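# Kindly generate the corresponding structure for this input.
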Amino acid sequence: MLARFVVFVLLAAAAAAAIECETSKLCNNSEECGKDGYCLGAFVGKCNCNACMTFWTCQNDAACGGLRGACDLKTNRCKCWEALESLGYPFLRASTELCNSKQCFGQESNCFGLPCNVGRCVCKAKN
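Now for the predicted structure:
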């Protein structure tokens, strides 16, 4: 996994040099904004636990922000904290080690189905 991440970072850095910055483009990190931009936002590239809304009506986990095992099919309600606990993240651990703190990489999320927080590209002014 670490080797895959290193290759990803190296490829992203090489590609960033060739990318033109596009203002307000969604981004997971500054490399996606090119050499003349940076990715601005709160907790960019971190697991977004706020995507799961406890007691939200659901038919499957997609309605619970994608969190694996969050949709209780007996009650058709999202049980976000119970799902996180079953995945090894009780409340305190989830709050400090997963939610808005664990690094994730866009579509290849390692957040148990939750999305990554994204930002927006901000480009340097051209002279």
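# Show me what the helix or strand where residue 82 lies packs onto, helices and strands only.
Using DSSP states H and E, residue 82 sits within helix 80-86. With contacts taken as 3 or more C-beta pairs under 8 Å, 6 or more residues apart in numbering; DSSP states H and E, helix 80-86 sits against helix 91-93. (Glycine included, C-beta is placed from N, CA and C.)
# Quick check: which helices or strands does the helix it packs on pack against?
So helix 91-93, by 3+ C-beta pairs under 8 Å, 6+ apart, packs with helix 80-86.
# Now do the helix it packs on: everything it contacts.
With contact meaning C-beta atoms under 8 Å, 6 or more residues apart in numbering, helix 80-86 is reached by 49, 52-54, 64-65, 67-70, 72, 90-91, 94, 98, 112.
# now with 10 Å?
49-56, 61, 64-65, 67-72, 79, 89-91, 93-95, 98-99, 112-114 (C-beta atoms under 10 Å, 6 or more residues apart in numbering).
# How about that helix, which residues are buried there?
By neighbour count with 16 or more other C-beta atoms under 10 Å, helix 80-86 contains the buried residues 80-81, 83-84.
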